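# sequence and computational prediction follow.
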Amino acid sequence: MYLTITRSETSLRLMVYFASMSKHFAARTLSIATRLIGPRGSRIEGLEPNRVPAMSDSNSRVAADKDCNGIAQSVQIGEDYAEIVVVRHGETEWNADGRFQGILDVELNEIGRRQAIAVGERLSREGKISAIYSSDLKRALETANLIAAACGGLEVIKDPGLRERNLGQLQGLQPHVAASVCPEAYRALQSQRTDLEIPGGGESIDQLYQRCTTCLQNISMKHRGERVVAVTHGGVLRTLYAWACPNQQLLKFLNTSVNIFHLSDGDSWVFKSGGDVSHLSQIEHLRTGFGGDRTSG
């Protein structure tokens, strides 16, 4: 199923998507301790409270070969489109600490490196990769380099268009702190207005949309008939998903989740599968808000 879209539909689609997300946001603006998923008794012995083995969260992935409506897809890579495997970067200490990262250059932690190696090994087994693109921020670039090492040593192409959303004054803060010390910026983050910029040099949803969708379209035009990897961030992934699958159920894009888009002619998109972290079955990972929902960044 291909979704033919035009830029004139952008604001309406994004407003509907983020309006639906805002219903889930209020319950997640308390302290990190109150945003752990699952009852206290369900925590896994030996792991930190906000970490679980990947497959224990049935809502953290969409089964492979499903489009945004859950319809099975059996499309093979053809000459008329590019298959772009969009991967979120590995975990950072700021993810674990529940801090807004935005465009601040935070590095992977040791768990994040293990996650990146695991996703690289997975991708190396799933078919030839023609190119690897990455945000130029360290957490994405290191993830991409570890994927490249597992996939034959391809050179990673840095593209600022894949950067996380600039969160302005919120960067470096935890949500409960941001709400009190930067209330205007925090309200802008929660707002349903897609044209509202975050104070302190932050981007609006419309600006993020324009940047990241144009980036992915440009990549697709260079790699028609090929399979490529693009390593990016949670905010970018949510925007790409909102564009390809408006009005669909919310997904979490956990660290190193695998998300597959088919793009043809720049404006025809298929979201083939997403949120897949099956490669992390033996590696602990975050499943709090800072593991990939709207509160992360």
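Structure received. Residues are numbered from 1 along each chain as shown.
# lowest mean pLDDT among the helices and strands, pick that one out for this structure.
Here the helix or strand of the chain ranked lowest by mean pLDDT, DSSP states H and E is strand 3-4, holding a mean of 40.
# now the helices for this protein?
Here the chain has its helices, by DSSP state H, at 10-25, 93-97, 110-125, 138-150, 175-181, 183-190, 205-222, 234-244.
# how about the second one: buried residues?
Think helix 93-97. Within helix 93-97, the residues scored as buried using 16 or more other C-beta atoms under 10 Å are 94, 95, 96. The way it works is simple: take the backbone N, C-alpha and C, and place the C-beta from them, glycine included.
# with the longest one instead?
If you call a residue buried by 16+ other C-beta under 10 Å, then helix 205-222 has these buried ones: 205-206, 208-213, 215-217, 219-220.
# same question for the fifth one.
Residues of helix 175-181 classed as buried under the neighbour-count rule (16+ other C-beta under 10 Å) are 175, 176, 177, 178, 179.
# the buried residues of helix 205-222 into CSV, with extra columns for pLDDT and distance to residue 283?
Shown next, in CSV, are these (pLDDT from 0 to 100; distance: C-beta to C-beta, whole Å):
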residue, pLDDT, distance to residue 283
205, 95, 32
206, 96, 36
208, 96, 29
209, 95, 32
210, 96, 35
211, 97, 31
212, 96, 27
213, 95, 31
215, 96, 29
216, 95, 27
217, 94, 33
219, 96, 28
220, 95, 31
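# adding distance to residue 168, write those residues out as a markdown table.
Formatted as a markdown table, the buried residues of helix 205-222 follow (distance: C-beta to C-beta, whole Å):
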| residue | distance to residue 168 |
| --- | --- |
| 205 | 13 |
| 206 | 15 |
| 208 | 12 |
| 209 | 17 |
| 210 | 17 |
| 211 | 15 |
| 212 | 17 |
| 213 | 21 |
| 215 | 21 |
| 216 | 24 |
| 217 | 26 |
| 219 | 27 |
| 220 | 30 |
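# is it true that residue 135 touches residue 159?
Yes: with contacts counted by C-beta atoms under 8 Å, residue 135 reaches residue 159, the gap being 7.1 Å.
# which of those two has more neighbours?
residue 135 (26 against 20; other C-beta atoms under 10 Å).
# what is the burial count for the residue nearest to the more buried one when sequence neighbours are not counted?
Once flanking residues are discounted, residue 135 sits nearest to residue 162: 4.0 Å by C-beta to C-beta, 6 or more residues apart in numbering. A total of 27 residues lie near residue 162 under the criterion other C-beta under 10 Å.
# start at 682 instead
Got it, the first residue is 682 from now on, which makes the last one we talked about residue 843.
# report pLDDT for residue 843.
pLDDT recorded at residue 843 is 98.
# wait, residue 870 touches residue 848, no?
Yes: the pair residue 870 / residue 848 is scored as a contact, 7.1 Å apart, by C-beta under 8 Å.
# pLDDT weak spots in the stretch 682-831 of the chain?
Applying pLDDT under 70 to the stretch 682-831 of the chain picks out residues 682-759.
# ok, which of the helices of the chain comes nearest residue 764?
For residue 764, the closest of the helices of the chain is helix 886-903, at 9.1 Å, according to C-beta to C-beta.
# follow-up on the earlier one: contacting residues for the residue nearest to residue 816?
814, 815, 816, 817, 821, 893, 896, 911, 912, 913, 914, 917 (C-beta atoms under 8 Å, 6 or more residues apart in numbering).
# out of those, who's nearest residue 950?
Nearest member of those to residue 950, counting by C-beta to C-beta, is residue 893, at 12.6 Å.
# look up the closest residue to that closest one, ignoring the ones flanking it.
Closest residue to residue 893 apart from its sequence neighbours, by C-beta to C-beta, 6+ apart: residue 917 at 4.6 Å.
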